[in-house]
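S.K.: Sequence and computational prediction follow.
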Amino acid sequence: MHGAAGIAKPALISTLSICCAFASVTFLTDAPKFLFTPQALAVVFGMLASYVLSRTLVPILIDVLVINEKHGHDPDTQPPLLRQHPCRL
């Protein structure tokens, strides 16, 4: 969770800047408005959904998926074959 907290502000700023760039398409008129507004709104909603998922679901899934991961290594917990090797991984 600490790694996710470290990138929260830069991710929010980049997401909002992309959304602002595409939100300006809504101010077009006539035919370009009807052509590009749905695409721009799809990008904005997609970026916002991506940000929300990256702040909520991804850290939770990482905690669930790597629950048995151990940092560092203890030579006594290695398999017997690796303990006998002179290199001692």
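M.R.: Nice, I can see it.
S.K.: C-alpha from now on. contacts and neighbour counts both.
M.R.: OK.
S.K.: Helix, strand or coil: sort out residue 68 for me.
M.R.: The three-state assignment at residue 68 reads coil, by DSSP: H, G, I helix; E, B strand; the rest coil.
S.K.: what's the longest helix in the chain?
M.R.: Among the elements of type helix in the chain, defined by DSSP state H, the one spanning the most residues is helix 30-55.
S.K.: in the protein, what spans have low per-residue confidence?
M.R.: Under the criterion of pLDDT under 70, the regions of the chain flagged as low confidence span 1-4, 69-89.
S.K.: Who are the contact partners of the residue most central in space within it?
M.R.: Closest residue to the average C-alpha location of the chain: residue 54 at 4.3 Å, with CA atoms, centre = their mean. Residues near residue 54 by CA atoms under 8 Å, 6 or more residues apart in numbering: none.
S.K.: cutoff 10 Å now
M.R.: For residue 54, the contacting residues are 4, 8, 11, 48, 60, taking CA atoms under 10 Å, 6 or more residues apart in numbering as the criterion.
S.K.: Please pick the buried ones from these.
M.R.: Buried members of the contacts of residue 54, counted by 16 or more other CA atoms under 10 Å: residue 48.
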